[in-house]
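Enquirer: what's the 3D shape of this:
(one chain, ligands or ions: 3)
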Amino acid sequence: MTAPFYLSVAIAAPLNRSFDYLPETGSDISLYQRGLRVSVPFGPRTLVGIIVDIRDQPQQPGHKLKAIHNRIDHTPILSQDIQQLGLWMHEYYHQPIGESLHTVLPVLLRKGSQATASVEMAYGLNTSINEDTLNGLSRAPRQLALYEHLKAKTQAQHKDLTQAGYTSAIINGLKDKGIINELETPSFQAINGSAVQTPLTLNAEQQTAVSALTQAKQFKPFLLDGVTGSGKTEVYLQSIAPHIEAGKQVLILVPEIGLTPQMIQRFAQRFEANILLLHSALTDRERLDAWLMAAHHKAGDKAQIIIGTRSAVFTPAPNLAMIIIDEEHDASFKQQDGIRYHGRDVAVMRAKLLNLPIVLGSATPSLDSVQNALNEKYQHLVLRQRAGNAQDAQLKIFNMKKRAVHHGLADELLAEIQQTLQNQQQVLVFINRRGFAPTLYCPDCGWIAECKRCDAKMTLHQKPPHLHCHHCDNKNPLPKQCPECLSRDIHPMGVGTERLESHLAAQFNTVPVIRIDRDSTAKKDSMEALLEPVHAGEPCILIGTQMLAKGHHFPKVTLVIMVNIDSGFFSADFRAMEKTAQLVLQVSGRAGREKDQGRAYLQTEFADHPLLHLLTEENYHALSLALLDERKQQHLPPYGFQALLRADSPNPKEAEQFLHRVRELFNWHQQNNQLGGITFLGPLPSPMELRAGRFRSQLWINSSNRKLLHHFLNMVVNGVYEIKGFNKVRWSLDIDPTDNL
Ligand code: ADP
Ligand code: ZN
Ligand code: ZN
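Expert: Ligands and ions are numbered 1, 2, ... in the order given. Model prediction:
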């Protein structure tokens, strides 16, 4: 008779603790380990849980415990480092342990699917084939063709063969003759890289960076701070080369829209390694298959390059040697729902847990990372020059005061566009608003098309014509007259991509005018199709939103016009200027990436803004030092630490009342524990109070001491879960929030 034992199980429920269960009747303790999934009864439901502890005493003695239904896995699904990462998220983000551990898993594993890869039927040639049978194939030309096909490829999946026109009859014909064998292959295919391209000769700055990176054998974060086109990617390639040669794994995180075919191709052409892509367009099944492929990598296997967006930071990788985060400042690394983790911070923590080097690369590093480089937490590697022969683009402020402007664009800049096209070069016009115009209005009575479910205007779209709320996706038909005063004279107000497109198409009707935004690229692969004339190098005009700002290499673009960057100057978000500067440089960095020098114009009404001059006359680094100075004086991040409690409800005032209760709880704890050094702000209405039919409110918690902030949160968070009587309220806690929305 063995001693009784209890399983503490983490369940994805909004309850801030784990739950104890009895093991399966009669099962031995040796069958259980931390990180194993189990299926458990939870109220009337059956849920997937993860064992986080095995105890000889239950957490709450005296309670009647239920037994688990069964074990889902026989070995832990979570590797040690990913388990630790999940537990770190639980502590650092103050989120329930179950939700933290579920967040690190692919969706299908959260739902209880078996951790086995899906397989696809495939065929290969038999090793011993009868000569006579083979000769006989001359009478069956299709079968012969298939034989030749497989001889060249060694094996092929059934679906690829049918796609290539080999019917089941042809396949079965060869199978019956014993020429081919049926086999199973993993249905998820890695990209097979081949080392067809040789490394470039590095310039001195690149060489210094690569040496530092290849020498690092332990945990060490690097900030690779290099202007656009300075050859950061080449530095990544050469610093992972030794790891690839040694058959290791490398993890590369890229922003949501940074995963361009060009980027993937550069890795695929440099290394004979398998490349696993983990992006948001994968199905849950594909994601799990890729996850398993990474998890099962063994010493002696071909090296693996794992490239993915934010959540790829949780990909298990038993032979991981290095982590890279490209465009580390990018907003898409921050998760904005569920557990609001920052992919960059999680990646640094993972590198620390595994004792590995990690590189954060950017042309416009976040102020947090600049600060970490200044205080030498990160080693600062700088690439000041563009690589090869390319020169920096000239960045010019274009004062919009007293100018003739049509459809958002100064007439004088039309001449610049004309000149650029005549020189057989390309133009990029950046505007961060899709649709035709930000809204529709009536000059007679002042009516503006507003969303009923949000404190926001409806965007006017012409292709196809409708009103669309970009905040809640609400769509309405275009009114023919003003709904208030019935005037038929209603007008678009402001400019969006569609409007600029029609303006420029009318002005320059001999060249392609290409609009790139979320609407024009909604279909898969449509972006690359639209960009064909651009890649072909013919004179053309590109109009686009953020989507164009990153990753793309347009050698023929020499003129960039940014239509309106002014929102960054009067925003309530203290990060607005940082974000604007990053955007300006990302966009202007598209110009003149090869031998022709580029120019970028910033249209603005605030041409005298000192920070703007710092950016154009000096550089981003100078601007970031100035911005850091401001932050320091105001005790704002990275010199202060913040947590943000957001709440919303369909009932007006309910979220605010809830946060008042939270605030009382906070005040009580603060007084009883004499915690000076923590300040609260709120409850305040959110900048867009009504959104998608919910009224939103926020409460800020600030401290200049990170430890103190977390100590305080540890004390109070459970109390927030226990506040009763606000049934319609949803709330969330955001540690290190990156916006005030
Ligand atoms: P980044 O990632 O910093 O924007 P890339 O690595 O994409 O820069 O490099 C920009 C361009 O310069 C690319 O066309 C690349 O092939 C080229 N390049 C990079 N390093 C060198 C080098 N050492 N010599 C010549 N060309 C280079
Ligand atoms: Zn009207
Ligand atoms: Zn709306």
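Enquirer: Ala331 contacts Thr738, correct?
Expert: Yes - contact criterion C-beta atoms under 8 Å: Ala331 and Thr738 qualify, at 6.6 Å. Heads up, the C-betas are built off the backbone N, CA and C, glycines and all.
Enquirer: next, the contact list for Leu623, please.
Expert: Ala581, Leu611, Leu614, Leu615 (C-beta atoms under 8 Å, 6 or more residues apart in numbering).
Enquirer: wait, which of the residues you listed is closest to Arg139?
Expert: Ala581 (72.3 Å; C-beta to C-beta).
Enquirer: who's in contact with the closest one?
Expert: Contacts of Ala581 (C-beta under 8 Å, 6+ apart): Thr364, Gly568, Leu611, Leu615, Tyr620, Leu623, Ser624, Leu627.
Enquirer: now with 7 Å?
Expert: Shown in contact with Ala581 (C-beta atoms under 7 Å, 6 or more residues apart in numbering): Thr364, Leu615, Tyr620, Leu623.
Enquirer: cool, Lys159 as well?
Expert: Taking C-beta under 7 Å, 6+ apart as the test, what Lys159 contacts is Glu120.
Enquirer: so after the strand or helix carrying it, what's the next helix or strand?
Expert: Assessed by DSSP states H and E, Lys159 sits inside helix 158-163. Next helix or strand after helix 158-163 toward the C-terminus (DSSP H and E): helix 168-176.
Enquirer: my guess is Cys179 meets Ser128, correct?
Expert: Careful, residue 179 is Ile; it's not Cys. No - using C-beta atoms under 7 Å, Ile179 is not in contact with Ser128; the gap is 10.3 Å.
Enquirer: phi, psi for Ala655 please.
Expert: Main-chain torsions, Ala655, degrees, to the nearest 10: phi -60, psi -40.
Enquirer: state the mean pLDDT of stretch 586-599.
Expert: The predicted model assigns stretch 586-599 a mean pLDDT of 78.
Enquirer: need the contacts of Ala581 in TSV (columns: pLDDT, distance to Pro483 and secondary structure).
Expert: Shown next, in TSV, are these (pLDDT from 0 to 100; distance: C-beta to C-beta, whole Å; DSSP: H, G, I helix; E, B strand; the rest coil):
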residue	pLDDT	distance to Pro483	secondary structure
Thr364	95	44	coil
Leu615	92	43	helix
Tyr620	94	47	helix
Leu623	96	45	helix
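Enquirer: any idea which of those residues is closest to ligand 1?
Expert: In terms of C-beta to the nearest ligand atom, no member of the contacts of Ala581 lies closer to ligand 1 than Thr364, at 11.4 Å.
Enquirer: I'd say Ser588 and Ala600 touch.
Expert: Yes - using C-beta under 7 Å as the test, Ser588 is close enough to Ala600 to be in contact (3.4 Å).
Enquirer: between these two, which contacts overlap?
Expert: Common neighbours of Ser588 and Ala600 (criterion: C-beta under 7 Å, 6+ apart): Ala393, Leu395, Val560.
Enquirer: give me the distance between the helix or strand of the chain with the lowest mean pLDDT and the centre of its chain.
Expert: Every helix and strand in the chain was compared by mean pLDDT, DSSP states H and E; the lowest is helix 131-136, with a mean of 79. Helix 131-136 sits 55 Å away from the centroid of its parent chain (C-alpha atoms, centre = their mean, to the nearest Å).
Enquirer: so what touches it?
Expert: For helix 131-136, the external contacting residues (C-beta under 7 Å, 6+ apart) are Lys177, Gly178, Ile179.
Enquirer: quick check: phi and psi on the residue of the stretch 551-700 of the chain found nearest ligand 3?
Expert: Nearest to ligand 3, among the residues of the stretch 551-700 of the chain, is Ala692, at 6.0 Å (C-beta to the ion). Main-chain dihedrals, Ala692, degrees, to the nearest 10: phi 50, psi 40.
Enquirer: list the residues that contact it.
Expert: By C-beta under 7 Å, 6+ apart, Ala692 lies in contact with Arg453, Cys454, His471, Cys472.
Enquirer: any idea of the pLDDT on the residue nearest to the first one when sequence neighbours are not counted?
Expert: Leaving aside its sequence neighbours, Arg453 sits nearest to Gly693 (C-beta to C-beta, 6 or more residues apart in numbering; 4.4 Å). On pLDDT, Gly693 comes in at 97.
Enquirer: the helix or strand containing Gln603: how far from the chain's middle?
Expert: Assigned by DSSP H and E, Gln603 falls within strand 599-604. Distance of strand 599-604 from its chain centroid, counting by C-alpha atoms, centre = their mean, is 28 Å.
Enquirer: before we move on, what about stretch 114-131?
Expert: Here the centre of stretch 114-131 is set off from its chain's centre by 36 Å, with C-alpha atoms, centre = their mean.
Enquirer: Pro492 reaches His461, doesn't it?
Expert: No - applying C-beta under 7 Å, one finds Pro492 not in contact with His461, separated by 10.3 Å.
Enquirer: who touches both of the two?
Expert: With C-beta under 7 Å, 6+ apart, Pro492 and His461 have common neighbours Phe436.
Enquirer: show me which of the shared contacts of Ser588 and Ala600 is closest to ligand 1.
Expert: Ala393 (12.4 Å).
Enquirer: which residues touch the closest one?
Expert: Ala393 touches Ser588, Gly589, Ala591, Gly592, Gly598, Arg599, Ala600, counting by C-beta under 7 Å, 6+ apart.
Enquirer: my guess is the second one meets Thr228, correct?
Expert: This points to Gly589. Yes - between Gly589 and Thr228 there is a contact under C-beta under 7 Å: 2.9 Å.
Enquirer: show me whatever sits in contact with both of these two.
Expert: Ala363.
Enquirer: how about low-confidence regions in the protein?
Expert: In the predicted model, the chain carries pLDDT under 70 at residues 1, 389-391, 550-551, 593-595.
Enquirer: can I see the domain layout of it?
Expert: The record assigns the chain these domain ranges, following automatic domain parsing: 6-110, 119-186, 192-383, 394-437+494-631, 641-735.
Enquirer: including distance to Gly446, could these go into CSV?
Expert: Shown next, in CSV, are those (distance: least, C-beta to C-beta, whole Å):
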stretch, distance to Gly446
domain 6-110, 45
domain 119-186, 59
domain 192-383, 34
domain 394-437+494-631, 15
domain 641-735, 20
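Enquirer: which one of these lies closest to ligand 1?
Expert: Of all the domains of the chain, domain 192-383 sits nearest to ligand 1, with 3.0 Å by C-beta to the nearest ligand atom.
Enquirer: in the stretch 251-400 of the chain, what residue lies closest to ligand 2?
Expert: For the stretch 251-400 of the chain, C-beta to the ion, closest residue to ligand 2: Met400, 28.7 Å.
Enquirer: what's the neighbour count on that residue?
Expert: For Met400, the count of nearby residues is 19 (other C-beta atoms under 10 Å).
Enquirer: ditto for Ala655
Expert: 29.
Enquirer: so it sits against Leu645, correct?
Expert: No - Ala655 lies out of contact with Leu645 (C-beta under 7 Å); the separation is 10.2 Å.
Enquirer: after the least confident helix or strand of the chain, which helix or strand is next?
Expert: helix 141-153.
Enquirer: quick one: that following helix to helix 168-176, angle?
Expert: 70 degrees (axes from the mean of the first three to the mean of the last three C-alpha atoms, to 10 degrees).
Enquirer: list the buried residues in stretch 715-732.
Expert: Across stretch 715-732, burial judged by 16 or more other C-beta atoms under 10 Å covers Met715, Val716, Val717, Val720, Phe726, Val729, Trp731, Ser732.
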